[in-house]
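K.L.:
quick one, fold the following:
(one chain, ligands or ions: 1)
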Amino acid sequence: MSPRSIPLHFSRMHPWHNTPLTSSSPHPPTPCNPRQLLSPSHALKHTLFHLSMVLTLIATLLLLLSLSPYSEALDAPYTDPKSKNCSAPLLRKEWRALNVSEQTAYISAIRCLTAQPSALRKLLPGSQSRFDDFQGVHILQMENVHLNGRFLPWHRYFTAVWEGALRGSCGYRGSQPYWDWSLDSKEGSTWAESPVFSNTTGFGGNGPYVPCSEQPYESPCVMNGTGGGCITNGPFANLTLHMGPGGRVERNDHCITRDFHPYVQDWFSEQEVNSTLNEKGFESLWRRIEGIFEVRQLGLHGAGHLGVGGTLADVYSSPGDPLFYLHHANLDRLWWEWQQKDPERRYTDVSSPDMQGREAGRVTLNYELNMEKLAKKVIIEDIMKINDGILCYNYV
Ligand SMILES: [Cu+2]
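P.N.:
Numbers count the residues shown, from 1 in each chain. Below you'll find the predicted structure:
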């Protein structure tokens with residue numbers, strides 16, 4: 001029975017309504033006629049009828065609740081099915097450490113999410129798919145989770161929920177891969193030739209050159225890009241994005257664009273990564289990674305977004321480019337590496353300013369991480385370790 005037919009059925013049957021009943025209805029036309037209640041069999045029938053109505057009502061409510069995207073969180077990060085203490089964590093690997101069938105499985109799982117219907121249409125009118133739902137939640141949360149100390153924790157949780165959705169909704173059996181851009185920044189390598197941009201075993205490459213002046217008004221366009229147009233190769237060349245550019249969540253069909261800025265290559269050097277990891281406290285680490293506080297300080301985060309450019313450089317709707325998740329997994333890996341250098345202190349260190357929102361002050365472990373309806377709300381404390389509590393993965 002479709003959910004829509006249920007209330008209709010009820011309005012016909014419900015004894016409190018004056019709607020004429022059909023002849024097939026088991027309910028007598030005058031249900032509370034005292035003479036009829038005098039008959040024991042009639043009274044029993046009457047009671048049973050009302051009991052069945054109540055049970056049907058309860059069942060219907062439960063059914064409607066289970067169908068409603070607002071009733072409960074849709075996804076959760078992976079947890080070890082056998083033990084509560086994460087004895088079998090997912091192992092997240094660098095993209096080029098996956099074999100071709102693992103790479104194909106990951107890309108197929110993303111394509112699967114793009115084919116599944118949105119569950120957040122009320123919140124995100126333009127959303128057409130589960131893939132879009134993730135992009136839309138990033139759009140809605142953007143201002144709460146950037147430029148403040150929630151940045152690393154929120155993206156850690158977001159990426160884990162995404163990984164959980166690929167597995168839970170699309171039968172993916174692997175883990176979230178990461179893109180270690182420093183490998184593409186070594187002597188003799190050209191960043192734009194990274195295997196992640198492969199047309200056959202990666203995510204496709206740059207878009208054709210389109211000057212900023214000819215790009216749509218809302219698109220993020222940073223001067224000196226080498227592309228700017230719709231990607232034309234790789235598994236997502238024909239993917240239609242339905243929200244963005246920028247913060248729009250109304251439907252607005254467009255393509256994934258890329259606009260490589262090869263000069264950011266130097267920002268990914270091993271030296272830059274190592275000196276970032278030498279920061280002493282969470283606040284300086286986060287500022288250094290997010291890297292948007294000074295014009296000349298791109299940071300590893302900013303460099304990844306700008307280096308690929310186009311959709312990925314869009315502060316609101318960047319998850320429209322699936323490379324978002326590989327980039328953020330790598331940032332998460334670096335935070336985790338940093339934490340492990342001094343676990344005692346760093347598993348609880350999120351001290352940093354909250355420069356946005358009503359709670360302006362210092363970010364603490366009790367700060368909420370809001371995934372809208374994608375996943376349950378957690379607090380930062382819950383995700384400080386990647387292999388304990390609600391998270392269960394490791395980086396290799
Ligand atoms: Cu973000």
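K.L.:
buried ones in stretch 363-376, by neighbour count?
P.N.:
V363, T364, Y367, L369, N370, M371, E372, K373, L374, A375, K376 (16 or more other C-beta atoms under 10 Å). (Each C-beta comes from the backbone N, C-alpha and C, glycine too.)
K.L.:
beta-bridge partners for the fourth one, please?
P.N.:
Looking back up the chat, that one is L369. Assessed by DSSP bridges, L369 has beta-bridge partners V378.
K.L.:
please report how far it lies from E283.
P.N.:
18 Å (C-beta to C-beta, to the nearest Å).
K.L.:
equivalent analysis for the first one, please.
P.N.:
Taken as C-beta to C-beta, the spacing of V363 relative to E283 amounts to 9 Å.
K.L.:
residues that sit against both of these two, list them.
P.N.:
Listed as contacting both V363 and E283 by C-beta atoms under 8 Å, 6 or more residues apart in numbering are G149, S351, S352, P353.
K.L.:
what about burial for the residues you listed, which qualify?
P.N.:
Among the shared contacts of V363 and E283, those classed as buried by 16+ other C-beta under 10 Å are G149, S352.
K.L.:
picking up where we left off before, in a markdown table, list the buried residues of stretch 363-376 along with secondary structure, distance to T79 and pLDDT.
P.N.:
Shown next, in a markdown table, are the buried residues of stretch 363-376 (DSSP: H, G, I helix; E, B strand; the rest coil; distance: C-beta to C-beta, whole Å; pLDDT from 0 to 100):
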| residue | secondary structure | distance to T79 | pLDDT |
| --- | --- | --- | --- |
| V363 | strand | 26 | 90 |
| T364 | coil | 25 | 92 |
| Y367 | coil | 22 | 93 |
| L369 | strand | 17 | 95 |
| N370 | coil | 21 | 95 |
| M371 | coil | 16 | 96 |
| E372 | coil | 21 | 94 |
| K373 | coil | 20 | 93 |
| L374 | coil | 16 | 94 |
| A375 | coil | 12 | 95 |
| K376 | coil | 13 | 94 |
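K.L.:
now for L241: which residues touch it?
P.N.:
By C-beta under 8 Å, 6+ apart, the neighbours of L241 are D132, Q135, D253, H254, C255, I256, T311, S317, G320.
K.L.:
from those residues, which land in helices?
P.N.:
D132, Q135 (DSSP state H).
K.L.:
confirm L365 sits in a strand?
P.N.:
No - going by DSSP: H, G, I helix; E, B strand; the rest coil, the assignment for L365 is coil, not a strand.
K.L.:
quick one, phi/psi of the residue lying closest to it once chain neighbours are set aside?
P.N.:
Of all residues not flanking L365 in the chain, E381 sits nearest, at 3.9 Å (C-beta to C-beta, 6 or more residues apart in numbering). Phi and psi for E381, reported as degrees, to the nearest 10, are phi -50, psi -30.
K.L.:
E381 touches E368, doesn't it?
P.N.:
No - contact criterion C-beta atoms under 8 Å: E381 and E368 do not qualify, at 10.6 Å.
K.L.:
mind giving me the domain split of the protein?
P.N.:
5-67, 90-395 (automatic domain parsing).
K.L.:
re earlier: between which two of the buried residues of stretch 363-376 is the distance greatest?
P.N.:
The span of the buried residues of stretch 363-376, defined through C-beta to C-beta, is set by T364 and K373 at 24.9 Å.
K.L.:
tell me how far the residue nearest to L365 lies from T159.
P.N.:
18 Å.
K.L.:
from F324, how far out is the residue lying closest to H254 once chain neighbours are set aside?
P.N.:
Spatially, and ignoring its direct neighbours in sequence, H254 is nearest to L241 (5.5 Å; C-beta to C-beta, 6+ apart). In this view, L241 and F324 are 12 Å apart by C-beta to C-beta.
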